[in-house]
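Engineer: only the shape, not the letters, is given here:
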């Protein structure tokens, strides 16, 4: 069911009362708000499931009157698109509860074994009032964090930081489960982790299956334009009926489930760089589809959407080995045994390659679009939206020299290992 929201500009949801609350949580109860304003800073294509803006505030404290601070604010965009008006509050609840309920526990587990806290931005206010959902975070730009160039794809140094942080997130959730929940699934206590593509609303499975199916159709047309990929085209067509099964059950593992990011791709990852321009620290943002799922879901999602083939393929062994060793390091010195071998990681990774391919087909063409070309999610017609996306993807295949090798590399790799045959 689609509803129509009375909110015409989500920025109007930001109130002085909330800005004051955020300021005092961050700077202390003696901080006095002097003025504030909303300042947009993102571009088209940076965010799809929410509206992200910022608040710049001036305040006084301890006799100093000219203090400045800024906060990143995520707002319910109230898009009139399919079931998104019903899904958006669920996404905000998932991220809000993740920060409120799980981040403190996961960090406690990590620091107890000598690890640093997880690299997420600080959250200052989680407001989940119906139709007024808003989340306030520290502005990581103040610490020098920024998004890497999504068109170029990440190199080894960037990818190493991300892989290591995913391993720390996964291993922390495993320790939490083993130490405090008797080995039971974390979602048995934190139900918000169970909400996913197929269970957001009664109609969400159909919507996402249709969406992914259109993505497969676009992939087929792109391969037909290139030529010479008849085997891959036939395989994609035969796989299309599996999409519903992949989205509803393919995310899970029989024994390698941990809390995962769920949407780990270039736009949801920020880096801090040294003077030589090398990445030295990573921050994972946007936990709106966090879930308890196979460790290989995050790995596939990240590696096949955010890296080019010439970085991913020769370094895949290195990346999965790094993941295993980081996970193992977190467990060292505890009475919790390592739950899998490096060979198990490989097996699990390959078992989820179809998911990696699915998301690559949808995300890679979007990554290579210009901000002004980003899909308009205010469109209420899925057919129109996906038709526009397909036309842009096919145009990029012809006009953008980065598109063809990045798109084809995924198919070449999976044909080489026998997944596509």
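Structural biologist: Done, it's in. All values derive from a computational prediction rather than experimental measurement.
Engineer: tell me the centre residue of this protein?
Structural biologist: Central residue of the chain (CA atoms, centre = their mean): residue 263, 2.3 Å from the mean position.
Engineer: now do the SS call for that one.
Structural biologist: Secondary structure, DSSP: H, G, I helix; E, B strand; the rest coil: residue 263 is coil.
Engineer: now for it: which residues touch it?
Structural biologist: Applying CB atoms under 8 Å, 6 or more residues apart in numbering, we find residue 263 in contact with 286-289, 301. Backbone N, C-alpha and C define where each C-beta goes, glycine included.
Engineer: now do residue 160
Structural biologist: Here residue 160 is in contact with 319, 322 (CB under 8 Å, 6+ apart).
Engineer: so it is in which element?
Structural biologist: helix 156-180 (DSSP states H and E).
Engineer: same deal with residue 115?
Structural biologist: Using DSSP H and E, no helix or strand contains residue 115.
Engineer: for residue 96, same thing?
Structural biologist: Per DSSP H and E: helix 84-97 holds residue 96.
Engineer: centre of the chain versus that helix, how much separation?
Structural biologist: Helix 84-97 sits 14 Å away from the centroid of its parent chain (CA atoms, centre = their mean, to the nearest Å).
Engineer: one more: stretch 348-364?
Structural biologist: 14 Å.
Engineer: list the contacts of that stretch.
Structural biologist: Here stretch 348-364 has contacts from 211-212, 215-216, 218-219, 239, 242-243, 246, 250-251, 253, 256, 265, 294-297, 299-301, 303-305, 320, 340, 403, 406-407, 410-411, 414, 417, 419, using CB under 8 Å, 6+ apart.
Engineer: which of those fall in strands?
Structural biologist: Using DSSP state E, the members of the contacts of stretch 348-364 that fall within strands are residue 294.
Engineer: from the contacts of stretch 348-364, which land in helices?
Structural biologist: Those of the contacts of stretch 348-364 mapping onto helices are 211-212, 215-216, 218-219, 239, 243, 246, 295-297, 299-301, 303-305, 320, 403, 406-407, 410-411, 414, per DSSP state H.
Engineer: are any of the residues you listed buried, and if so which?
Structural biologist: Buried subset of the ones in helices among the contacts of stretch 348-364 (neighbour count, 16 or more other CB atoms under 10 Å): 211-212, 215-216, 218-219, 243, 246, 295-297, 299-301, 303-305, 320, 403, 406-407, 410-411, 414.
Engineer: contacts only, for the closest residue to residue 346 other than its chain neighbours.
Structural biologist: Closest residue to residue 346 apart from its sequence neighbours, by CB to CB, 6 or more residues apart in numbering: residue 320 at 6.0 Å. By CB under 8 Å, 6+ apart, the contact set of residue 320 is 299, 342, 345-346, 349.
Engineer: for residue 320, give its distance to residue 153.
Structural biologist: Residue 320 sits 18 Å away from residue 153, going by CB to CB, to the nearest Å.
Engineer: and what of residue 368?
Structural biologist: Taking CB to CB as the criterion, residue 368 is separated from residue 153 by 10 Å.
Engineer: likewise for residue 166?
Structural biologist: 17 Å.
Engineer: got it, and residue 243?
Structural biologist: For residue 243, the distance to residue 153 - CB to CB - is 26 Å.
Engineer: swap in residue 180?
Structural biologist: Going from residue 180 to residue 153 by CB to CB gives 39 Å.
Engineer: ok, those two, which is more surrounded?
Structural biologist: residue 153 (24 against 13; other CB atoms under 10 Å).
Engineer: many thanks, have a good one.
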